[in-house]
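[1] Got a predicted model here, sequence first, then my questions.
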Amino acid sequence: MTKTTIKLFTLALVAGTLALTSCGKKTAETSDGIKYTYIEEGDQAPKDGEFVIYNFSMRNDEDSTIVDSYVDRTPQYYQFVDSLMAQEVGVGEIIRVLKNGDSIVVNLTAAQLYSNGMGIPPFMQEDDQLQISIGVLAVLKDQTELSDWMRKFNEESARIEEENSKVTFEKDVKTIDAFLAEKGLEPTVITESGVRVVIEQAGTGENAQAGQEVSVNYFGTLLDGAVFDTNDAEKAKENNVFMEGRNYEPFTFQLGAGMVIKGWDEGLAALNKGAKAKLYIPSTLAYGSRARSEVIKANSILVFDVELLEIK
């Protein structure tokens, strides 16, 4: 492993590590004083040229997770080159002793993590306390084994994601329907995939069709009313989501082309020119398990007040 590779690996640790907790097992210390604890010990050390696949997570001293590849199912890998890795210190010194099945926790400061000269990120201070956890998933002999492992892992991830999406969708629909019932509202349209559309003002002409260009005014919130976006400058200012330099004007796009979230493509196809409506969109038809912003967290149900201005 080259110096550059070790630096990239160390930078990846800032993005996250597999969250594990210390339970008083074997401890060790690097030559420059970084302590770490073994939660589990493996038995297969990598050989020259082999690939090490690992999960990782990172938490700060406020117990906030920066990134967690175990939850996100985004494991990383590096190629072990003993002659180069033997020169490393700090986190690199820990990396070179990892074996298949090892799970370790490293407690260190941001200054210790970035002692290799990469520079501390602007969102950290030198004395920030960090907990990095690394879990080695596999040690593989060559590129062929690596490709095969990743293919199987991705297939399993897709299966898990599909199962989770079904559960989340059912939960979201129940939540939306209960919300509408509480407000005394009934959907005017329920799309094929489950978007609830409450039409508040009828339009004229035919409904918008996939492939047509539509122009829309919109105001986006969560079910609890938290505002995250709008194309109306005055409403943006009123709700503290105004962005300087943004061009606030009707949003125009091709319907059904995947240019917007699926809930928009389906919901707007239930409207004609001039129609005003609320779209209640399950998270699986919006951004799913991806957090989009501080307001739009993972698995957020979205609500849009929309006005379909033009269809071309």
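    That came through fine.

[2] ranges for the helices of the stretch 101-250 of the chain?
    Here the stretch 101-250 of the chain has its helices, by DSSP state H, counting those that start in this stretch, at 110-113, 143-182, 233-238.

[3] highest average neighbour count across those?
    For the helices of the stretch 101-250 of the chain, ranked by mean neighbour count under the definition mean count of other C-beta atoms under 10 Å, the leader is helix 110-113 at a mean of 18. Bear in mind the C-beta positions are built from the backbone N, C-alpha and C, glycine included.

[4] Output the contacting helices and strands for that helix.
    The criterion is 3 or more C-beta pairs under 8 Å, 6 or more residues apart in numbering; DSSP states H and E, and the helices and strands that helix 110-113 contacts are helix 3-15, strand 129-140.

[5] worst average pLDDT in the ones you listed?
    If you rank the helices and strands packed on helix 110-113 by mean pLDDT, helix 3-15 sits at the bottom with a mean of 39.

[6] I'd like the next helix or strand past it.
    Sequence order places strand 27-29 as the next helix or strand after helix 3-15, per DSSP states H and E.

[7] partners of that next one, with directions?
    Strand partners for strand 27-29, identified by DSSP bridges, are recorded as strand 35-40 (antiparallel).

[8] hmm, back to that, of the helices of the stretch 101-250 of the chain, which is nearest Thr221?
    Proximity to Thr221, assessed across the helices of the stretch 101-250 of the chain by C-beta to C-beta, is greatest for helix 233-238 (10.8 Å).

[9] which residues sit in contact with Met243?
    Residues in contact with Met243 (C-beta atoms under 8 Å, 6 or more residues apart in numbering) are Ala236.

[10] same deal with Ser157?
    Residues in contact with Ser157, defined by C-beta under 8 Å, 6+ apart, are Arg73.

[11] before we move on, back to that, how about the helices of the stretch 101-250 of the chain in JSON lines, adding mean pLDDT?
    Written out in JSON lines, the entries for these read as follows (pLDDT from 0 to 100):
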{"stretch": "helix 110-113", "mean pLDDT": "86"}
{"stretch": "helix 143-182", "mean pLDDT": "94"}
{"stretch": "helix 233-238", "mean pLDDT": "95"}
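
[12] In CSV: the ones you listed, plus distance to Val89.
    Rendered in CSV, the data for these read as follows (distance: least, C-beta to C-beta, whole Å):
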stretch, distance to Val89
helix 110-113, 11
helix 143-182, 27
helix 233-238, 50
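
[13] in this structure, which helix or strand is least confident?
    Taking mean pLDDT, DSSP states H and E as the measure, the chain has helix 3-15 as its least confident helix or strand, at a mean of 39.

[14] where does the nearest residue to Ile261 once chain neighbours are set aside land on pLDDT?
    Nearest residue to Ile261, sequence neighbours excluded (C-beta to C-beta, 6 or more residues apart in numbering): Ala286, at 4.9 Å. In this model, Ala286 is scored at 95, pLDDT.

[15] And for Met118?
    We have a pLDDT of 69 for Met118.

[16] since we're on the nearest residue to Glu200 once chain neighbours are set aside, how many residues are nearby?
    Spatial nearest neighbour of Glu200, excluding adjacent residues (C-beta to C-beta, 6+ apart): Lys276 at 4.9 Å. Lys276: 16 surrounding residues under other C-beta atoms under 10 Å.

[17] partners of Lys276 in the sheet?
    Beta bridges link Lys276 to Gln201, Glu307 when assigned by DSSP bridges.

[18] how near is it to Ala111?
    Relative to Ala111, Lys276 is positioned 55 Å away (C-beta to C-beta, to the nearest Å).

[19] same thing with Lys141?
    Here Lys141 is placed at a distance of 37 Å from Ala111 (C-beta to C-beta).

[20] before we move on, what about Thr221?
    When Thr221 is compared with Ala111 (using C-beta to C-beta), they lie 42 Å apart.

[21] how long is stretch 207-216 from one end to the other?
    Using C-alpha to C-alpha, to the nearest Å, the end-to-end distance of stretch 207-216 comes to 14 Å.

[22] my read: Val303 touches Lys278, true?
    Yes - the pair Val303 and Lys278 passes the contact test of C-beta atoms under 8 Å, sitting 6.2 Å apart.

[23] just for this protein, where's the confidence low?
    In the prediction, the chain carries residues with pLDDT under 70 at positions 1-24, 116-118.

[24] mind giving me the domain split of it?
    Listed domain ranges for the chain are 3-141, 165-311 (source: automatic domain parsing).
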